[in-house]
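Undergrad: A predicted structure for the sequence below; I have some questions about it.
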Amino acid sequence: MAILLTGGTGKTSLHLAALLQQANIPFLLTSRRGPSASSLPTVKFDWNDETTWTNAFSHRFPRSEKITAIYLLSGELAEPAPLLNKFIDLAHSEYGVKRFVLCSGSTAEMGGPYHGKIWQKLYEEKLEYCVLRPSWFMGQGHFETIKYKNTIFSACADGKIPFASAEDIARVAFHTLTDATPHNRSYRILGPELLTYDQIAEKLSIHLSKKITHVKLSPEERIQGFKDVGLPPHMSSFLTNLEIMAAEGKEAWDGNDVQLVTGRKPMSFDAFVQKNKQVWE
Ligand SMILES: NC(=O)c1ccc[n+]([C@@H]2O[C@H](COP(=O)([O-])OP(=O)(O)OC[C@H]3O[C@@H](n4cnc5c(N)ncnc54)[C@H](OP(=O)(O)O)[C@@H]3O)[C@@H](O)[C@H]2O)c1
């Protein structure tokens, strides 16, 4: 058994690589930058360059293991399904890969937009699979404004969000990639509590020993704010829409899939900040 981790330099794959290393399971990371991207075994791989897709399969593992499972992370692709589905075909038909675990998002639906058609393919072709549906990542974004302006700007109003840690996403991915029996279902990966950005600001104020404020912006102000820091108009609208949906309560998911899969409670935001304090200081 060997595991291929696409998005190998990303937050979840790096935690996943540490878990695989501890379990003595061979793995290979991918990066558009190739082997120089990491001190761990890494191959050059770019979703937008099909000539790089076979690199992983010619990698020689220490005991000649074959890649049996792949962690699929689409990065910033605008339309991931056509590319990822083509890669799944290649990996399965040409190289005998049996299992695929897709890192998607909380709003993904089988057959729906963005990752939905990948989920549909895995299901309909009866491949061994799991779809991970994490909520918003703990600590994602807002770094600069927290660090330099003691402020979180958002259009989330009082919307509640079950922020999830990259560690918990990796722990669920680890089980679903390596358990003898395939899970063949989706899991929502949620933190243990629903939090508003007012509450996040309160918690950060305590842990960082300085007053952090959540400034509630209108959708128009938020779009302009994103544009002011250089985001293209379509991304500014997309990210603002996610925040508006959260303001409307549409990200307030509830569930205990992390504990179901890993046997452990998910990490709290307080524990996350204690562990990662330096990024805001
Ligand atoms: N952030 C959130 O709040 C949130 C919420 C729900 C779901 N998600 C899901 O989580 C994913 C992000 O996971 P993450 O945080 O672990 O990753 P990340 O830290 O954002 O890193 C992205 C990874 O994708 C790779 N990548 C980017 N473009 C690529 C391309 N064209 N070809 C190949 N690789 C490419 C990058 O590798 P190189 O630059 O080294 O090539 C990097 O390793 C998102 O794609 C989304 O599906 C995120």
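TA: Noted; the coordinates are in hand. Keep in mind that this is a model prediction, so the values were computed, not measured. Residues are numbered from 1 along each chain as shown.

Undergrad: stretch 196-206 - what's its average pLDDT?
TA: When pLDDT is averaged over stretch 196-206, the result is 97.

Undergrad: relative to the ligand, how far out is residue 269?
TA: Residue 269 sits 14 Å away from the ligand, taking C-beta to the nearest ligand atom, to the nearest Å as the criterion. For every residue, glycine as well, the C-beta is placed using N, CA and C.

Undergrad: show the pLDDT at that residue.
TA: We note a pLDDT of 97 for residue 269 in this prediction.

Undergrad: so it sits against residue 138, correct?
TA: Yes. Counting by C-beta atoms under 8 Å, residue 269 touches residue 138, with 5.9 Å between them.

Undergrad: what's the closest non-adjacent residue to the residue in the stretch 151-281 of the chain positioned nearest to the ligand?
TA: The shortest separation between the stretch 151-281 of the chain and the ligand is 6.1 Å, found at residue 166 (distances taken as C-beta to the nearest ligand atom). What sits nearest to residue 166 in space, not counting adjacent residues and going by C-beta to C-beta, 6 or more residues apart in numbering, is residue 11, at 4.1 Å.

Undergrad: quick one: the helices in this protein?
TA: Secondary structure of the chain (DSSP state H): helices located at 11-22, 80-89, 95, 116-124, 143-149, 166-178, 197-208, 219-228, 233-247, 257-262, 269-276.

Undergrad: for residue 101, which of the ones you listed is the nearest?
TA: Within the helices of the chain, the stretch nearest residue 101 is helix 166-178; the backing value is 5.0 Å (C-beta to C-beta).

Undergrad: remind me what that closest one packs against, helices and strands.
TA: Using 3 or more C-beta pairs under 8 Å, 6 or more residues apart in numbering; DSSP states H and E, the elements in contact with helix 166-178 are helix 11-22, strand 67-72, strand 99-103, strand 128-134, strand 185-189, helix 257-262.

Undergrad: closest one to the ligand among these?
TA: Of the helices and strands packed on helix 166-178, nearest to the ligand by C-beta to the nearest ligand atom is helix 11-22, at 3.4 Å.

Undergrad: got the angle for the closest one vs helix 166-178?
TA: In terms of direction (axes from the mean of the first three to the mean of the last three C-alpha atoms, to 10 degrees), helix 11-22 departs from helix 166-178 by 60 degrees.

Undergrad: between residue 269 and residue 138, which contacts overlap?
TA: Overlap between the neighbourhoods of residue 269 and residue 138 consists of 163, 191, taking contacts as C-beta atoms under 8 Å, 6 or more residues apart in numbering.
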